[in-house]
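Peer 1: coordinates for the following, if possible.
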Amino acid sequence: MPGGPGPRPGGPRAPPPRGSPAAQAAAQPAATQPAARRRTAWAEGTDRLRAAATTEPGRLRIIGAVLAALVIAFGAVTTWQMTDRSAAAHDVLYRSQPLSDDAAAIYRSLADANTAASSGFLAGGQEPAAVRDRYERDIERASEKLAKAASNAGSTSSSAAAVGKLNELLPEYTGLIERARANNRQGLPLGGAYLRYANDKMQTQMLPAAEKLYKAENARLSSDYAKAEPYPWFAIALGVAALAALAWAQRRNYRRTNRVFNPGLLAATAAGTVVLLWLVIGHTFARSGLNESYDDGVRSLNVLNDARIGSLKARGNENLTLVSRGAETTEVKGESKDKFDVSYRALMKRLGDKDSGLLGEAVTLADGDPGGESPVLDAAENVGVWKERHEVARESDDSGDYQGALNKVIGAKGATGECFDNVDAALDRALAHERREFEQAAEDGRGALRGLPVGAAVLAVLGAGGAVLGIGRRLSEYR
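Peer 2: Below you'll find the predicted structure:
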């Protein structure tokens, strides 16, 4: 009968048709059916954290963990950044600037040895003992400084290449000087050729290599300054964030409990404040000292080194003008001029006087300090006299009075050599003064960072402990 009664509610169901998906699923063993996907540890942890945040004890635990983490992070970053800056300030004072000074000493020693060699040659076969001793001291000093530079240069740096080249050329140069002396003692004109050849090797190969070493060490010094001076902004930002979080936690505590002070949180705030103030003030003083050491020390030292080297090279060229006797010339505005005299005049122009050139710049950098300004003014005054005496010597030589010119250059009294010695001694005094100024300012800068990395770490640990204890005291009220 159509529309007959179907199965009664709650009665047994008809089995699914054979071959249908439902029948296949029912026939599959239970062990082979896919298991439910397990949740990740992160998701479970997030749920637990969310659940904990619904209760006040759970929220306090989270706040305590965040506060402790912020304070520890602040201390760790402060220790890291200030350790780097303290190490860079130490390198400025005890590594890179002394190495730069040694490189300048190598340059000066080589230039002075070349000057002493030409002065001894002009004296004739019987070279004065004082001149010979000066030459040997210069060569010995250059050798010692080169050995020190080699041990600090590294194997692949430009400094290492310059040191290697100088170590190779120095024996060649001294060999040429000895040949020049041997021929000069015998009165042979070949001695002058050997001396000019030695001077050419010094001017075109050795001094450029020494200058390259000097520039490389100055670049290392500038790099150390660049590492020591920048403000530790990351650490400062973390410190501000940590103090802000501590202030918020204490305000929250006051609003919920009406208690003004929480000793633990107050101690953490005090520790964080001390570290932040120490960081900002200490680094500001350190930066100021390092800037002063560069502006009033390194810059003056560089200018004075250039001036002293320039005077040494000028003296060497003045001597070689008499040694060569016009054998080497150069064209200047279509006119043939003595090569060494042209070089002498260019170097003396670069030296300048108290208002111009390197000496004028040194006076400006001295900034009215009598200890630095006075010797530079003495040097400038002697440079002026030196130029006047040189012109008189050139007039004698050009008129055929070679012996008169020689006396005016290397004579015992009233010679240009006397002026050169005065200039060299004055610049040496100025260098010694500026070196002391640098060391004092750099030591002050480095001293401002002393103890800060360790102190920040210790105070951060104490501050984190205080934050945990402060939150723990509130938690104890719920037990």
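
Peer 1: and the strands in this protein?
Peer 2: Taking DSSP state E as the test, the strands found in the chain are 329-332, 335-338.

Peer 1: now do the last one: distance to the chain's middle.
Peer 2: Distance of strand 335-338 from the chain centroid (Cα atoms, centre = their mean, to the nearest Å) equals 44 Å.

Peer 1: list the neighbouring strands of that strand plus their orientation.
Peer 2: If you go by DSSP bridges, strand 335-338 pairs up with strand 329-332 (antiparallel).

Peer 1: my guess is residue 463 meets residue 266, correct?
Peer 2: No. Applying Cβ atoms under 8 Å, one finds residue 463 not in contact with residue 266, separated by 10.6 Å. Every residue, glycine included, has its C-beta placed from N, CA and C.

Peer 1: which of those two has more neighbours?
Peer 2: Taking neighbours as other Cβ atoms under 10 Å, residue 463 and residue 266 compare with residue 463 leading, 31 against 15.

Peer 1: excluding sequence neighbours, find me the nearest residue to that one.
Peer 2: Leaving aside its chain neighbours, residue 463 sits nearest to residue 271 (3.4 Å; criterion: Cβ to Cβ, 6 or more residues apart in numbering).

Peer 1: same deal with residue 431?
Peer 2: Closest residue to residue 431 apart from its sequence neighbours, by Cβ to Cβ, 6+ apart: residue 304 at 5.0 Å.

Peer 1: residues near the one you found, how many?
Peer 2: Using other Cβ under 10 Å, residue 304 has 30 neighbouring residues.

Peer 1: how about residue 96?
Peer 2: 22.

Peer 1: residue contacts, it?
Peer 2: Listed by Cβ atoms under 8 Å, 6 or more residues apart in numbering, the contact partners of residue 96 are 217, 220-221, 223-224.

Peer 1: hmm, back to that, check contacts around the residue nearest to residue 463.
Peer 2: Residues near residue 271 by Cβ under 8 Å, 6+ apart: 71, 459-460, 462-463, 466.

Peer 1: in TSV: those residues, plus pLDDT.
Peer 2: As requested, these are exported to TSV (pLDDT from 0 to 100):
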residue	pLDDT
71	94
459	94
460	93
462	94
463	92
466	90
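
Peer 1: show me these that map onto helices.
Peer 2: Under the assignment DSSP state H, the contacts of residue 271 contribute 71, 459-460, 462-463, 466 to helices.

Peer 1: what residues of stretch 370-385 count as buried?
Peer 2: Neighbour counts over stretch 370-385 (16 or more other Cβ atoms under 10 Å) mark 372-373, 375-383 as buried.

Peer 1: should've said stretch 193-201
Peer 2: If you call a residue buried by 16+ other Cβ under 10 Å, then stretch 193-201 has these buried ones: 193-196, 198-199, 201.

Peer 1: can you list those in CSV and add pLDDT?
Peer 2: Converted to CSV, the buried residues of stretch 193-201 look like this (pLDDT from 0 to 100):
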residue, pLDDT
193, 88
194, 91
195, 89
196, 88
198, 91
199, 89
201, 93
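
Peer 1: give me the buried subset of the ones in helices among the contacts of residue 271.
Peer 2: Neighbour-count burial (16+ other Cβ under 10 Å) applied to the ones in helices among the contacts of residue 271 gives 71, 459-460, 462-463, 466.

Peer 1: for residue 184, what are its contacts?
Peer 2: Residues near residue 184 by Cβ under 8 Å, 6+ apart: 121, 124-125, 191-192, 195.

Peer 1: and residue 201, by the same measure?
Peer 2: By Cβ under 8 Å, 6+ apart, the contact set of residue 201 is 169, 172-173, 176.

Peer 1: repeat that for residue 79.
Peer 2: Contacts of residue 79 (Cβ under 8 Å, 6+ apart): 453-454, 456-457, 460.

Peer 1: report the mean per-residue pLDDT for stretch 157-175.
Peer 2: Averaging pLDDT along stretch 157-175 yields 90.

Peer 1: where does the stretch 251-400 of the chain dip in pLDDT?
Peer 2: 258-260 (pLDDT under 70).

Peer 1: try 90 this time
Peer 2: By pLDDT under 90, the low-scoring segments of the stretch 251-400 of the chain are 251-264, 295-297, 316-317, 319-341, 366-372, 397-400.
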